[in-house]
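Undergrad: any chance you could fold what I've pasted below:
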Amino acid sequence: MKPEQDKLVFISLTNGAGGAEQVLYMISQLNQSPFLFLKKENKSSLKIEDENRNVKYLNSRSIFIGFLTLLPQLYRFRNGYTIISSHSYLNAYLGFLKRIGYLRSNLVVRESTSIFNRYKGVKRLSYSLAYKIGYPAVSLIVCQTNEMREQLIKSNRFLSPARVIVLDNPIDISLVTEKSNNQIDDPILGTNYVCTAGRLMPIKGYEGLIKAFKIISDKYKDLNLVILGEGDERQNLANLATSLGLAKRVILRGFVDNPYPYFKNAKLCVVSSIREGFPNVLLQMMALNTNVVSTLCADGIKEIKSIHTIPINDVDKMAFALDIQLAGEKISVAEYNFSFFKERNPQIFLNSILIKIR
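TA: Below is the predicted model of the structure:
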């Protein structure tokens, strides 16, 4: 079954290079479907060619203005389309428009994280209200893991379980492999390093990773820790590295358009997050490097047999895992079992959605 290009439209808050945005954009490119971004980000953003006429940015000032501008932009998609979006507030907004009859197209929303496990207090209350306002009209809700589905249904009793499904995050193995072979002018690629990637924020667990790296740093004196990504925690992480005597060995590379050569050439790749919906970066690392350590930051990671898993917030076990993996013999990707990725094909992901709403 091949989805019709003119019957699909994708919507996201921004073109920031987060996991949710990466997944939606990947799926939209299968048939060059229209994609609306409420706000254009110029830094740490998806690499989208300027000549891609299917992509439209509603404004470059604020997401709020994007919401206001979205209403008239949706007019031509009101009927006969399948609208696919991510991010809870946006999903709820579109659901509300469908609930009052402005939208009659199918509405498929993807949960980007386990909202009701991650947030508390006023923020959780605001999400609860948004879900009650918009989600009753949603045609299909896509969760990344069984745990995410269970907490969503438990926290929103008005949702029909039949409309909440679980689909594994997709990955385009061919594209990732192709980009990993690109030549990048960065001397760090010719050295020994541990690599991680993501937004510099507390929930990514980089503070614990740096402390774990400190524990093994004397044993592996020629080893660096490379952190790809940008965010508000940059200065705090730099200060921590300096205080531990690692200022020259913890390399905050910032956001990079193509992280795949870094993953491929690393001695070890690490996901240190405290909580995730499901880390897309883990899939990317696994596709390029057979030496991967990950915290149990999301449902489903424990069942992955080809990586070394550890509890969250445990610096000593993180250090032990780094040491064990670095000391072991790294097998080649050619020997790696790719059966894990078989059902994570982007086309299968999209077709699974379309089957459910037909």
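
Undergrad: number of nearby residues for Arg344?
TA: When neighbours are defined as other CB atoms under 10 Å, Arg344 has 17 of them. All C-beta atoms are positioned from the backbone trio N, CA, C, and that covers glycine.

Undergrad: shift numbering so it begins at 32
TA: Taking 32 as the first residue, the last one we looked at is Arg375.

Undergrad: pLDDT score assigned to it?
TA: For Arg375, the pLDDT comes out at 90.

Undergrad: that one contacts Asp203, correct?
TA: No. Using CB atoms under 8 Å, Arg375 makes no contact with Asp203, being 9.2 Å away.

Undergrad: quick one, domains of this protein?
TA: 36-197, 204-372 (automatic domain parsing).

Undergrad: for Leu381, which of these is the nearest?
TA: Shortest distance between Leu381 and the domains of the chain, using CB to CB, is found for domain 36-197: 5.3 Å.

Undergrad: what is the mean pLDDT for that closest one?
TA: In the prediction, domain 36-197 has an average pLDDT of 92.

Undergrad: same question for stretch 296-307.
TA: On average, stretch 296-307 scores 96.

Undergrad: next, the buried residues of that stretch.
TA: Within stretch 296-307, the residues that count as buried by 16 or more other CB atoms under 10 Å are Asn296, Ala297, Lys298, Leu299, Cys300, Val301, Val302, Ser303, Ser304, Ile305, Arg306, Glu307.

Undergrad: contacts for the strand or helix carrying Leu102 next, please.
TA: If you go by DSSP states H and E, Leu102 is part of helix 94-104. Residues outside helix 94-104 that contact it (CB atoms under 8 Å, 6 or more residues apart in numbering): 42, 44-45, 67-70, 87, 89-90, 124, 128, 133.

Undergrad: could you redo the last one with a cut-off of 6 Å?
TA: Leu44, Leu69, Lys70, Leu89, Asn90 (CB atoms under 6 Å, 6 or more residues apart in numbering).

Undergrad: for Arg130, which non-adjacent residue is spatially closest?
TA: Nearest non-adjacent residue to Arg130, counting by CB to CB, 6 or more residues apart in numbering: Ala168, 3.8 Å away.

Undergrad: tally up the residues packed near that neighbour, please.
TA: Ala168: 17 neighbours (other CB under 10 Å).

Undergrad: pretty sure it is touching Leu128, no?
TA: No. At 8.3 Å, Ala168 does not count as touching Leu128 under the criterion of CB atoms under 6 Å.

Undergrad: neighbours of Asn148, just the number please.
TA: With other CB under 10 Å as criterion, Asn148 counts 16.

Undergrad: can you map out the helices along the chain?
TA: 50-59, 94-104, 119-130, 146-149, 152-165, 177-186, 204-211, 237-248, 265-274, 291-296, 311-319, 346-358, 377-388 (DSSP state H).

Undergrad: quick one: closest of those to Ile338.
TA: From the helices of the chain, taking CB to CB, the stretch that ends up closest is helix 311-319, at 6.7 Å.

Undergrad: can you list contacts of the closest one?
TA: 50, 53, 200, 202, 204, 207, 211, 228, 294-295, 300, 302, 323, 325.

Undergrad: who touches Lys333 in this structure?
TA: Leu327, Thr340.

Undergrad: next one: it from Phe68, what distance?
TA: 35 Å (CB to CB, to the nearest Å).

Undergrad: just put the domains of the chain in JSON lines and tack on distance to Ser383.
TA: Converted to JSON lines, the domains of the chain look like this (distance: least, CB to CB, whole Å):
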{"stretch": "domain 36-197", "distance to Ser383": "8"}
{"stretch": "domain 204-372", "distance to Ser383": "15"}
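
Undergrad: residues in contact with Asn148?
TA: Applying CB under 6 Å, 6+ apart, the residues contacting Asn148 are Gln182.

Undergrad: if you set the cut-off to 10 Å instead, what comes out?
TA: Arg155, Glu178, Met179, Gln182, Leu183, Ser186, Arg306, Gly308, Asp330 (CB atoms under 10 Å, 6 or more residues apart in numbering).

Undergrad: and for Ser93?
TA: Leu69, Lys70, Leu99.

Undergrad: phi first, then psi, for it.
TA: phi -160, psi 150 (degrees, to the nearest 10).

Undergrad: spatially speaking, which residue is in the middle of this protein?
TA: Centroid-nearest residue in the chain: Gly50, 1.9 Å away (criterion: CA atoms, centre = their mean).

Undergrad: pull the number of nearby residues for Thr273.
TA: Count around Thr273 with other CB under 10 Å applied: 12.

Undergrad: same check on Arg284?
TA: Around Arg284 there are 16 residues (other CB under 10 Å).

Undergrad: close enough to count as contact, it and Asp217?
TA: Yes. Assessed by CB atoms under 10 Å, Arg284 is found in contact with Asp217 at 7.9 Å.

Undergrad: show me the contacts for the closest residue to Gly262 other than its chain neighbours.
TA: Closest residue to Gly262 apart from its sequence neighbours, by CB to CB, 6+ apart: Leu231 at 3.1 Å. By CB under 10 Å, 6+ apart, the contact list for Leu231 reads 75, 237, 258-269, 283, 285-286.
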